[in-house]
Every structure is written in C-alpha cells, then in structure tokens.
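Asks: okay, predicted coordinates and the sequence, questions at the end:
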Amino acid sequence: MLRAHGLACDRGDRRLFSGVDLRVQPGEWLQVEGANGAGKTSLLRILAGLSPAAEGRIEWNESAVCDARDEYHARLLYLGHGPAIKDDLSGLENLQASAAIAGHPLEEGTALAALRRIGLRGREELPTRVLSQGQKRRVALARLLCSQARLWILDEPFVALDVAAVDQLCGILDEHLSRGGLLIFTSHQPVRLAGQGGCLRLGQ
Amino acid sequence: MLRAHGLACDRGDRRLFSGVDLRVQPGEWLQVEGANGAGKTSLLRILAGLSPAAEGRIEWNESAVCDARDEYHARLLYLGHGPAIKDDLSGLENLQASAAIAGHPLEEGTALAALRRIGLRGREELPTRVLSQGQKRRVALARLLCSQARLWILDEPFVALDVAAVDQLCGILDEHLSRGGLLIFTSHQPVRLAGQGGCLRLGQ
Amino acid sequence: MNAFGSVLRRDLLLATRRKSEVLTALFFFMIVVSLFPLGIGPESAILRRIAPGVLWVAALLAAMLSLNRLFAGDYQDGTLEQLALSPTPLALLVGGKILAHWLTSGLPLVVLAPVLGLQFDLPAEALGVMMLSLLLGTPLLSLIGAIGAALTLGVRGGGVLLSLLVLPLYIPTLIFGAGAVEAYTAGLGAGANLSLLGALLALAVFFAPWAATAALRIALE
Amino acid sequence: MNAFGSVLRRDLLLATRRKSEVLTALFFFMIVVSLFPLGIGPESAILRRIAPGVLWVAALLAAMLSLNRLFAGDYQDGTLEQLALSPTPLALLVGGKILAHWLTSGLPLVVLAPVLGLQFDLPAEALGVMMLSLLLGTPLLSLIGAIGAALTLGVRGGGVLLSLLVLPLYIPTLIFGAGAVEAYTAGLGAGANLSLLGALLALAVFFAPWAATAALRIALE
Amino acid sequence: MTPSSINWFKFAAPARFYPLAGRLWPWFAAIGTLLGLVGLWISFFVAPTDFQQGEGYRIIFIHVPASWMSMFIYCVMAFYALLGVTFNTRLAGMMSSALAPTGALFAFLSLWTGALWGKPMWGTWWVWDARLTSELILFFLYVGYIALTAAIDDPRRADKAGFIVSLVGVVNVPVIYFSVKWWNTLHQGASVSLTKAPSMATTMLLGMLIMALAFWAYTIAMALYRVRAIILERERNATWVAELPEMKS
Ligand code: HEM
Ligand SMILES: Nc1ncnc2c1ncn2[C@@H]1O[C@H](COP(=O)(O)OP(=O)(O)OP(=O)(O)O)[C@@H](O)[C@H]1O
Ligand SMILES: Nc1ncnc2c1ncn2[C@@H]1O[C@H](COP(=O)(O)OP(=O)(O)OP(=O)(O)O)[C@@H](O)[C@H]1O
Ligand SMILES: [Mg+2]
Ligand SMILES: [Mg+2]
C-alpha cells in the first residue's frame, strides 16, 4: 500500500501544491488530474523518489520510503515524459536492456512477444530512431508487459498513441490491477479503467 | 488552394503510402488520420516541403510548390513534433525570435498579449526550461495567434494540452478558418471544428 | 536581411543567457595552452619556439569544441525546420548563425591570445602578428566548421565524426596562421602567410554558408 | 553484479552500433597529435623533446571529448532515471558505464600510441614506457571524467563547462604520465612516476564512481 | 535534351549499369593483374640498380603510381559529386562510395611506401613537410568520407553528404600536387626522376607508367565490382533485381 501525507512542492518562488494526501491500495488506481503546469509531473517524480518533497512523507507498506529506498524501487516501475529508449538500439535491444537494468533480465522470446503484442510486429529489429512518435512510445510501454513491479507510476502514458493502442493500454492496466497491482497515472484524456480507483485534482 | 496528386513516400524498404491525392480550399480543414506509424508526420513534412516525395506533385494556387518555394513558405506555418523553442529563452523571447525568423517581427506588446491569451500569464518571462510539458507546447502554439500565414500545417497540436487548452486551440483554429485560412493537421483525439473539412485516412 | 539580423540577435541572446558558455570556451583555450608547459617542462627556449603552434592548435580545438552547439540544438528542437521554412534564403540565416558563433567563440580568443603569448615569453610584435593571424583565421575556423557541423547533424557518433571531418580541413589555416608568426620571428615577414589566410577567408565567406546549407537540407530530409 | 554486467554490455553494444565512434575517437587522437608538428615545424630534435607531452595532452583531450556522451544520452531520454530506480546500487551501474567508456575510448589510445610515437622519432623503449603510462593513466581519465560529466549534466553550456571542470583535475595524471616518459629518456627511471599513477588509479577506482553517483542524483532531482 | 545525351544517360540507370559492370570488371581485373606482373618484373629485374640509393629506390615503382592514383581517385569522386549534385543521378553516389575505399588504400600505400623509403633516404620514417602532410590530410579525408557515409542509414542522404565532403575536400589535391613548388620541401620535386641518365630514365618511366596503368585497371575493376554489390544492396526490392539469374538460384 502506498500512502502519502501532506506532500508539498516548491518550484522557483512558487508553491505548486501543498497538503496532498493520498492512499492507493492493491488493485486500486489513482489518476492525478490538473491543468497544464498544476504539478502533476512534479508530484509523480516525488512519489517515485526521484526528487525530494518540500514537506510531507511517503510510506510504502507502512514504512517510510526514504528508509527503504532500494526495496521500494525494486517494486516500482516509473515511466516519465522521457521514453528512456536509445535511438540507436532496436526495440528488442532497448527492452532487454531496460529490463536487465531494472533487475529482471528478459529472454529474447519474451521480449519479442511483448513487442508484438504492443503492435510492433515487423519493427522489432529497426533502430528506434526511424520509428514514428507513437511507435517509440509503444517501445517504452512494452516494458509494462514484462514488468513484475507492484506499483506503476505512469506520466501521461496515453500521449501520442492511436485509438487502438489506447484501448490496448487500458487492457494492460486493467490486467495489472486485477493482479493486485497499484497504479498512479496522469492523463488529460478521459480514461476508463475497471476496478476501484479515484482522482486527485491538483491546482485551484 | 493546396492540391497534391499521387503522393508517395518511402521509408527504408517500405512504401508508407502511395497515390495520396488531396485538395484543401480556403476556409477548409483536412485532418490526416491513421494508426501510429501510418505516415502522417511523413506526409505533413512532404506537404511543408521539408522532405521530398518519392512520387507525385504538390501545387499551391495552381503552381508547383518546388518552383516557387520561397513564396509558398512565406504563406506557410508548420508546427512539428519538435516545439522549436529554446529552453534557455523565455516564452516572450522565443515567440519574438521565431516570428522574426518567419519574416514578421512582433512588437513586445503583441507577443505578450498572445502568451497571455494562450494561458501563460505570469510565466512570460520564465525560461521555458522550467515550464511543464503542456506549457512548453503552449509557447509553441502562441505562434498561431500572431501568424499571418494562410496555410497552417500542424502535427499533433493537441498533444500534452489540458482540456481547457484544447478548447481554446479549437477556437483559434476556427478563427483561422473563418478568415479564409487553410488547415492541415493530425490528431489521435477526435476534434470538432466549425466550417468545411474532411478526413484523409492513411494506411490500410 | 532582417531575418539575418534576428537570427544573429537570437543566437547572441542565447549565448549571453548561457553566460558561462563564452567564458568557458575561453577557459578551455587557456587551460589547453597551459597544459603544455606542464607536459613538456619549463625550458623557456623550447617554449618560445613552440608557442605559436601551441596557441594555434588550442584555438583550433576550442573552436571545434564549440562547433557542435552550432546547429545541434536547433536541429533537435525543430528550430532548424522553421529556419528552412523561412522565406529568407537559408544560406543567409546560416550566415547569421556562423557570425554569431564567431563573435562568441572566435573573437574572445583573439583578445585573449596576447595574454597567453606572454606566458610563453613571446616578444610584443610577434604577439601583434599572432593576433592578426587569429583575427583572420578564427572566422575561417567558424566557416569551415559550420560545414562539418551541418554534415554530422543527426548522425550517429556525430561529435567525434565532426572532428574527424573538420580537423583536416583546418590544417591549412593552422599552417598559415602559425606560419605567419614563425616567419615573422624568423625575420621573413608575415605578409605572405597573412595574405594567404585572407584569400582563404574570402573564399570561405562565399562558399561555406552555401555548402553548410546544402548539408543542412540533407539532414532535414 | 548482474545489472553491472548488463549496463556494461548495453554500453558496449551501443558503441558497436555507432560503429564509427570508437574509430573516430582514435582518429581524433591521431589528428591532434599530427597537428602539433604542423604548427611547430618539422625539426626532429624539438619534436622528440615535446613528444610525450603532446601525446599525453592529445590523449587527455580525446578522453575528454568522449566524456559528454557518457551520461548525456541517458539523461536526456530518461534512462538515467531508470538506472536510479534500479534496485542495484547506482554506484555499481555507474562503474559499469565508466568501464565501458574506458574500453571504447581509453584502451584504443593505448594501442595506437606507439605508432604515433614513431612519427615523433621516439626510441622503442620510451614507447614501451609511454604505453605503460597510458595504460595506467587512461582509466584514471575515464574515472575522473565521469565525475565532471555527472556534475555538468543538464547544466547550460555543459560541454565547455565540463572541460573547465575536468581538465584541472587531469593535470596530475598528465604530469606523472608525461613525466614518466621524460624521466625515462633522461635516464632517471620511470618507476616513481608510474607508481604514483598507480596509486592515483587505486584511489579513483574506489571514490570516483561514488562521487559521480552523488552528482548524478543531484542532476536528477 | 539531344538524342546523344540521352544515350549517355542510358547507362546511368543502375538496372542498366549492373550487367554492364558485370561484363567489364573481369576484363579490367585481368588487365590489371597482367600489367602489374609486367610492371613488377620491370621494376625488380629490368631496371638497373641505382648507384646512389642501391636497391631501395625500387620502391618508387609503387610509391609514385600509388600517390598519383590517390589524388586522381579523389578528383574522380569530386567529379561524380558534381554529376550527382547537378543531375541527381543515383549512380553517381554509388560510384563515389565504390571508389572511396580504393582511394583510401592508395593514400595509405603512398604514405606507407613513402615512410619505408624515408627511413633509408632521410634517416627517419616521417617528416612534417608540406607534401607528406597534405597526403596525410587526403587519407583523413577518405576516412572521413567513408565514416560519414557509413554513419548515415539512408543511402540517398549518405550520398549527398558524401558529395559535399568530396567537393569541399578536393581543394586539397592541388595543394598536394604543388606543395613541392609552394614550399621548399624535403620531398622530391616533380622532375627529379627524369633527369637521370636517359637509358635509366626510360626504363624507370616505363616501369612507373606500366605500374600506373595496372593500378588504373585495378581501380576500375574494384570500383565496378563494388558498385555491383552496392547496387544489389540498394535495389534489393526492385523487380529487376528479383529477376536476376544470380538471385533466383
Ligand atoms: C610518407 C612519406 C611520403 C609521402 C606521403 C609521399 C607522397 C608523394 C606524393 C603524393 C607523390 C605524388 C606527387 C606528384 O606526382 O607530384 C609523390 C611522388 C614522389 N615521391 Fe613521395 N612521398 C613520401 C616519401 C617519399 C620519399 C622518402 C621519397 C624519396 C626519397 C619520395 C620520392 C618521390 C618521387 C621521386 C616522386 C615522384 C615525383 C614526380 O616525378 O612527380 N617520396 N610522393
Ligand atoms: N523556477 C520556477 N519558477 C517558477 N515556476 C516554476 C519554476 N520551475 C517550475 N515552475 C512551474 O512548476 C510547474 C511544473 O509543473 P509540472 O511539470 O509538474 O506540471 P504538470 O502538471 O505535469 O503539467 P503538464 O500537464 O503540462 O505536464 C509549472 O507550472 C512551472 O511553470
Ligand atoms: N528505415 C526504415 N525502415 C523501415 N521502416 C521505417 C524506416 N524509417 C521509417 N520507417 C517507418 O516509417 C513510419 C514513419 O511514420 P510517421 O512518423 O510518418 O508516422 P505517423 O503517422 O506520424 O505516426 P505517429 O502517429 O506515431 O506519429 C513508421 O512506421 C516507421 O516504422
Ligand atoms: Mg507533466
Ligand atoms: Mg507523427
């Protein structure tokens, strides 16, 4: 279970938000909403432990995250605005490398299957440089299919995807939730997910 | 009037599309649709004269674009996947510089008004580096407000914008059309514009 | 012409915004020059002998290092597409960018060179010749470098490939530039070398922006 | 340990994918070395005298140039965030990246140095000492450089700032490295210099990855 | 366009050029081998020992033709670049990239044989005089051309980038050629080999010319052979390639 109390974030002279409390339980999702610049990305990075909060604390399974960083990170998958893929490597190589870095090396077969499922059949071996915007995002999202992490934190995962891919991603997220996973994400488009969930509105 | 006959595009060994004909008249819009990787970006770059087509020809007001490049470009505004803004300059400076490069220098007052209208009040002087994803896109879109170009070619202009900004952008596009402008754009989200228009589906 | 000015102004503005950049190019020049006495030892006869060569090589490397910021940023964020779509001829805009590059990376070296030359115990008039040769030579470095920078845009391993392409083309500048100072100290007069530099410069001013533009169009395709 | 290996493997794979990159780093080294005689003139007595210094300065610059590709790519595309989120300690992963950097940019220089030494007319045994000093010194360059590369990540004008930070830190390596060869040719024996280099290397292997990691965390915040 | 010029461009289409090159290259390879053998025989057995330099001078029979070829090939590449830029023929880029490795080889050979020769003549492998240096630049230019075109995936873009390198770099060739005149260098001037005793000069000249012709034939054969491979690789999806007998087997 992920819990946060009284989170606040400062950028420049501005307090972006303060007093943000949240609680996500297994099988639940949380959508962070807000206008452009409300601080969604900032909040997600704080929750992932990438940047420190100005105030407040974050707990994972009842213990503070800052005390058990490595354990927390072993359970976490974060996808930010940057797709974390290398232009010069193929989709396959990218996927295998990022899985190995996350601590779960992948068989080539598994990786290929994931790429095909996400709609990159026939493009597994192309350098991602030549792929289209949406195809690059898909390579990044293929990580979700191979992930064993409990907690997914996704920053605008639906951006640049076509309609079919949006549906497919929803399916993947539902599956994750039904396995008892936790999910925090942002999106400007309306998203329909099965299972329990709530919205957190930042700003105003 | 923009017209294209039998456009084709090759990428790698693949023919992305061929035999694409299109025609856009003053006050009309054209939405290019298609799955990820269908070739929308490639088509838009060809129409803008940034990359050559494998086959086919493009005409602007009855004369081939390749013969009257400069004249065509003087009438054209293209916004691609890259926002074409400099991280180290403020929104104001970015807007003024890009307008000057496009051949229509802007007064500071006009530029400020445009930035405020697009929702960046209070952030006009911040370096765009610290802005959020959506705010950066808005800086790029502010160019539309100051543009005198007849033909707008916009590659996924709605990406990363929040709901309010999407509505506002639709308003801006409608205004352009009602002034007799031409518009070609791509989007994976459904978009409702006033005026005449049509869709071009790439792929399958 | 107007767009030329605004490109120039924008690049200069960017350079002042990245306050440290101009300064650090200078410091790089200084440090490279100062490394040599450390690597070679402090004998002043040898140092004086190698001074023009070392100063010129350092200027060359400093110019080259700053080359990859000439177009790369504009390419990545899409500004280059906008330049290509400008009704002003692209070669003119490229000229503006090259001029801005020289003003922020070449000119400061010219000003700093005499100070460093003093470290190497060069006599005052030789320093004058040194400055003159740099004044003619550094724009040449920016111009030739622009071609290389444009060619390697968006290419794998661009940074190092850039030096591979550009350094050989820099060699004539180096030979005439350092040669001018050496000829002067040897009593031969620097005129011949300097006028060769000037001729090269005149040539490059006409052809380099054009070649760089052609290369940029290839990168954009 | 596993993740260390996979970072190393991925970086080496990337290097082979950018086929030209390793080769071009080598060529850069060659070209810089070849520039000096051009700037200084062909007298072989002087050239022999300055050879160790020139070779070492060139190695230093070649190492430095390839530094900005050490973390910058990973930072921009978000891979660095993923490394920081890996359950393996970040310092270990950073160690893997540094090792890959040395294998692709330092080791080739060690192998090439004797050929270039011949151009400067160095005797065979001096060449051996040269290689040995480079073998100890180039890993040091990668290690120290990693700290600088991490510190300048995402900072405006990073490239040149990087050299400003790193070059001064390189100076001891340069002095001992070039000093070893000079001491040897002067008949003093290279032992003292080489063992100092070794000691520096041992120290850096322990502390540099740790310092670089701390710097990376700052950049990520 | 006049009828005759259309004829000219007929073979500029890769589909036409491919079989032509296939028929021609074995002939040039054979001529090259033959002339090479004759040339080597003349240089090692017919040409007399030089009274000053002993046997070492025989390296001239490789050094000089190799140096000539290295410069000449670069000019040819620049010529193709000009063709490519003005007429936009695909074959021009293919020929350029087919020639570059051979050019680099000859530049390297020139440097290497020169260095080998320099040791007995000047007492050192290498001096930094203008001709040697400019030849070194030529080598770097070849390598730069090859590295740049290899680093760009799209062959058409690679070709165009290569055109610019060859056109810009070609200014170096006259520098090499006239370097002995413009700077007084250690390296021999152009006329030295001809001012010896007449009998010797003719055999030497003959040997050198035959070797030069052999290198020419070799270059043409290699270029044609390589351009065939390049054409096949680039046009592998074209129907005419699929219909080739060697593709069907
Ligand atoms: C690495 C060292 C050397 C390089 C790069 C080099 C380069 C060249 C080049 C480019 C040419 C053709 C230029 C022309 O035809 O005008 C040439 C020709 C020649 N080289 Fe060298 N050379 C080197 C060393 C030597 C040495 C050591 C000798 C003899 C002492 C030598 C003797 C000649 C002669 C006799 C010619 C023919 C000149 C003529 O008749 O035109 N070279 N060399
Ligand atoms: N130095 C600064 N001074 C003032 N404001 C700053 C500074 N740095 C960041 N900000 C503001 O902080 C906010 C960062 O927001 P963040 O990136 O988290 O937004 P977001 O909710 O993810 O928006 P988007 O939907 O556009 O992605 C922006 O509003 C930005 O203007
Ligand atoms: N060298 C290549 N080999 C094979 N396919 C290539 C190559 N280069 C590009 N492609 C393909 O060309 C297409 C480029 O499409 P483009 O970027 O125009 O798509 P798009 O319609 O804009 O997609 P998106 O909605 O994702 O932005 C992609 O399908 C890509 O896989
Ligand atoms: Mg955001
Ligand atoms: Mg697209």
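Replies: Noted; the coordinates are in hand. Ligands and ions are numbered 1, 2, ... in the order given.
Asks: out of the helices and strands in chain E, which is least certain?
Replies: None of the helices or strands of chain E scores lower by mean pLDDT, DSSP states H and E than helix E:3-10, at a mean of 49.
Asks: which helix or strand lies directly C-terminal to that helix?
Replies: With elements assigned by DSSP states H and E, the helix or strand that comes after helix E:3-10 is helix E:14-41.
Asks: pLDDT wise, what is the residue nearest the centre of chain A at?
Replies: For chain A, residue A:154 is the residue whose C-alpha lies nearest the centre (Cα atoms, centre = their mean; 2.2 Å). pLDDT recorded at residue A:154 is 95.
Asks: same check, this time on residue A:138
Replies: For residue A:138, pLDDT reads 94.
Asks: so which strand or helix has it?
Replies: Per DSSP H and E, residue A:138 falls inside helix A:133-146.
Asks: what is the following helix or strand past that helix packed up against?
Replies: Next in sequence after helix A:133-146, counting helices and strands by DSSP H and E, comes strand A:151-155. Counting contacts by 3 or more Cβ pairs under 8 Å, 6 or more residues apart in numbering or on different chains; DSSP states H and E, strand A:151-155 is packed against helix A:40-47, strand A:76-79, strand A:182-186. From N, CA and C alone the C-beta is placed, and that goes for glycine too.
Asks: those: which one's closest to ligand 4?
Replies: Ligand 4 lies closest, by Cβ to the ion, to one member of the helices and strands packed on strand A:151-155: helix A:40-47, at 3.2 Å.
Asks: just the mean pLDDT for the closest one, thanks.
Replies: Helix A:40-47 comes out at a mean pLDDT of 93.
Asks: please report phi then psi for the nearest residue to residue A:101 once chain neighbours are set aside.
Replies: In this structure, residue A:101 finds its nearest non-sequential neighbour in residue D:86, 5.2 Å apart by Cβ to Cβ, 6 or more residues apart in numbering or on different chains. Main-chain torsions, residue D:86, degrees, to the nearest 10: phi -70, psi 140.
Asks: got the CA positions of stretch C:153-167 in PDB?
Replies: C-alpha atoms of stretch C:153-167 as PDB (Å, rounded to 0.1, in the frame of the first residue of the first chain):
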ATOM      1  CA  LEU C 153      23.900  16.600 -37.800                       C
ATOM      2  CA  GLY C 154      21.700  13.800 -36.600                       C
ATOM      3  CA  VAL C 155      24.400  11.300 -37.500                       C
ATOM      4  CA  ARG C 156      25.400   8.500 -35.100                       C
ATOM      5  CA  GLY C 157      28.600   9.400 -33.200                       C
ATOM      6  CA  GLY C 158      28.400  12.900 -34.600                       C
ATOM      7  CA  GLY C 159      30.700  14.700 -32.100                       C
ATOM      8  CA  VAL C 160      33.800  12.700 -32.900                       C
ATOM      9  CA  LEU C 161      33.000  12.300 -36.500                       C
ATOM     10  CA  LEU C 162      32.800  16.100 -36.700                       C
ATOM     11  CA  SER C 163      36.400  16.400 -35.500                       C
ATOM     12  CA  LEU C 164      37.400  13.800 -38.000                       C
ATOM     13  CA  LEU C 165      35.900  15.700 -40.800                       C
ATOM     14  CA  VAL C 166      36.800  19.200 -39.700                       C
ATOM     15  CA  LEU C 167      40.300  19.000 -38.300                       C
END
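Asks: show me what contacts residue 84?
Replies: I'll assume chain A. When contacts are counted by Cβ atoms under 8 Å, 6 or more residues apart in numbering or on different chains, residue A:84 touches A:98, A:140, D:77-79, D:81-82.
Asks: meant chain C, my bad for not saying
Replies: For residue C:84, the contact set (Cβ under 8 Å, 6+ apart) comprises B:50, C:90, C:216-217, C:220.
Asks: what about 7 Å?
Replies: By Cβ atoms under 7 Å, 6 or more residues apart in numbering or on different chains, the residues touching residue C:84 are B:50, C:90, C:220.
Asks: residue A:96 too?
Replies: Going by Cβ under 7 Å, 6+ apart, the list of residues near residue A:96 reads A:106, A:111.
Asks: which strand or helix spans it?
Replies: Using DSSP H and E, residue A:96 maps to helix A:91-101.
Asks: same thing with residue C:219?
Replies: Under the assignment here (DSSP H and E), residue C:219 is part of helix C:191-220.
Asks: tilt between that helix and helix B:40-47?
Replies: Per axes from the mean of the first three to the mean of the last three Cα atoms, to 10 degrees, the angle that helix C:191-220 makes with helix B:40-47 is 130 degrees.
Asks: what about helix C:191-220 and chain D, touching?
Replies: No. Legend: contact between helix C:191-220 and chain D by Cβ under 7 Å from any Cβ of the partner chain is lacking; minimum distance shown is 12.6 Å.
Asks: coming back round to it: may I see the contacts of residue C:84 organised as a markdown table, with neighbour count added?
Replies: Shown next, in a markdown table, are those (neighbours: other Cβ atoms under 10 Å in any protein chain shown):
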| residue | neighbour count |
| --- | --- |
| B:50 | 19 |
| C:90 | 20 |
| C:220 | 19 |
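Asks: so which of these also contact chain E?
Replies: Of the contacts of residue C:84, not one also sits near chain E (Cβ under 7 Å from any Cβ).
Asks: check the gap between the residue of chain E found nearest ligand 3 and residue D:17 for me.
Replies: Using Cβ to the nearest ligand atom, residue E:153 is the residue of chain E that sits closest to ligand 3, at 6.3 Å. Between residue E:153 and residue D:17 the computed distance is 11 Å (Cβ to Cβ, to the nearest Å).
Asks: which of those two has more residues huddled nearby?
Replies: Using other Cβ atoms under 10 Å in any protein chain shown, the more surrounded residue of residue E:153 and residue D:17 is residue D:17, with 17 against 14.
Asks: that one contacts residue A:90, doesn't it?
Replies: No. At 9.0 Å, residue D:17 does not count as touching residue A:90 under the criterion of Cβ atoms under 7 Å.
Asks: name the residues of chain A found near chain D, please.
Replies: Within reach of chain D by Cβ under 7 Å from any Cβ, chain A has these residues: A:48, A:50-52, A:70, A:73-74, A:76, A:78, A:80, A:82-86, A:88-89, A:93, A:97-98, A:100-103, A:105.
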